[in-house]
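*Asks:* here's a sequence, model it:
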Amino acid sequence: MAMQITIIGLGQIGASVGLALSDHKGEIIRVGHDRQVETARKAERIGAVDKVALNLHRAVEDADIVLLALPVDEIRSVLEQVAQDLKEEAVVLDTSSCMEAVSAWATAILPPKRFFVTLAPSLNPDHLFEMQRGIDAARADLFQKSLMVITCPPGTDQSALKLAADLTALLGAAPLFADAREFDGMTAATRLLPCLCSAALINATCDQPGWQEGRKLAGRAYAWGTQAVEDFNAAVSPSQTFLLNREHVLRVLDNLHNALTELRDAVAAQDASQLDALLRQAHQHRRTWLNQRVSNDYGSLIPSPEMPRSGEALGRLLGIRPRQKEKK
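*Replies:* A predicted model of the protein is given here:
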């Protein structure tokens, strides 16, 4: 019998998961739901889902896996709406950037024997510099040559973790098990801080004297430097992502403040030697990171578990659900 995965949220991440699973139509039924009906219909047209369920409750009632690919400000409400519709042993997978907070919500909201695991994707380096967002940026290979960070609340059934790892393999990524708090700290530095930098750059330039003419000269550096703010455009209340991760966000903002002060002091002192050193250091750090990211080679920093072949992963994915003991 085929396993059903219901994907709630059919933007870049959700639709890409559906596309990546398209080679397993006989074994996996992909049901899609999005609050934007046209987005859901487009996901069906491009083959990201087998069918669309416009009613959220019906979308999840037969699901073995429910994948939440939503802005953080929508997750708690969706969990509350679907909690009583989930069948026993269903696994809810969340792809958001606030693992600790969302895990706490799931623990409080989901009934017994419904499992929750966070599955945070990184992107295939081939798509790092694409500027499209939403379903138009969905790619079947979006997760290949990348890592999926997997965390879960204490006491989570091991079968749910195994399912998350096997699904990760089907998507072409390698699993990396982590502590939720540890992951939130990494997220604050690598995903949230760039967005805040982007917002600060825009707010520091657009309302200043000279912008009416300066905007005509803004080019690639400005476009790329302000791009990250688009990552939270789909959220009704984008501030929630940052406030839920407040401790880590404050820490990385302090780091940024110190780095900017160092640059400012060098400029104020007309210290060309110090300014050159800071700029060259930044350039070298970026070059090192980008080479590692593009090659997916981090040496001994990140483990590289042997990836199972797709067929092996699918077999385990379909066979991991614990059987109910027969009553004597």
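*Asks:* host element of residue 195?
*Replies:* For residue 195, the element it lies in under DSSP states H and E is helix 193-205.
*Asks:* summarise which helices and strands that helix is packed against.
*Replies:* Packing partners of helix 193-205 (3 or more C-beta pairs under 8 Å, 6 or more residues apart in numbering; DSSP states H and E): helix 220-225, helix 246-268. Any C-beta I mention is one placed from the backbone N, CA and C, and that applies to glycine too.
*Asks:* how does it look with 6 Å?
*Replies:* Contacting helix 193-205 under the criterion 3 or more C-beta pairs under 6 Å, 6 or more residues apart in numbering; DSSP states H and E is no other helix or strand.
*Asks:* next secondary structure after that helix?
*Replies:* Per DSSP H and E, helix 193-205 leads on to helix 211-214 as the next helix or strand towards the C-terminus.
*Asks:* confidence score at the nearest residue to residue 149 once chain neighbours are set aside?
*Replies:* Nearest residue to residue 149, sequence neighbours excluded (C-beta to C-beta, 6 or more residues apart in numbering): residue 120, at 4.3 Å. On the pLDDT scale, residue 120 is placed at 91.
*Asks:* can you tell me how far residue 120 sits from residue 25?
*Replies:* The span separating residue 120 from residue 25 equals 26 Å under the rule C-beta to C-beta, to the nearest Å.
*Asks:* between those two, who's got more neighbours?
*Replies:* The residue with more neighbours, out of residue 120 and residue 25 and counting by other C-beta atoms under 10 Å, is residue 120; that gives 24 against 12.
*Asks:* that one: helix or strand, and which one exactly?
*Replies:* For residue 120, the enclosing helix or strand under DSSP H and E is strand 115-121.
*Asks:* ranges for the strands of the stretch 1-150 of the chain?
*Replies:* With DSSP state E, counting those that start in this stretch as the criterion, the stretch 1-150 of the chain has strands at 3-8, 28-33, 51-52, 65-68, 91-94, 115-121, 147-151.
*Asks:* if we can go back for a sec, show me how far the helix holding residue 195 is from its chain's centre.
*Replies:* Using C-alpha atoms, centre = their mean, to the nearest Å, the distance from the centre of helix 193-205 to the centre of the chain it belongs to is 21 Å.
*Asks:* stretch 267-283 now?
*Replies:* Per C-alpha atoms, centre = their mean, the centroid offset for stretch 267-283 relative to its chain is 35 Å.
*Asks:* the residue nearest to residue 149 against residue 151, yeah?
*Replies:* No: proximity of residue 120 to residue 151 does not meet the contact threshold set by C-beta atoms under 6 Å, at 7.8 Å.
*Asks:* domain map for the protein?
*Replies:* By the assignment in automatic domain parsing, the chain contains the domains 3-178, 182-268.
*Asks:* ok, and which of these has the densest surroundings?
*Replies:* Of all those, domain 3-178 carries the top mean neighbour count, a mean of 20, counting by mean count of other C-beta atoms under 10 Å.
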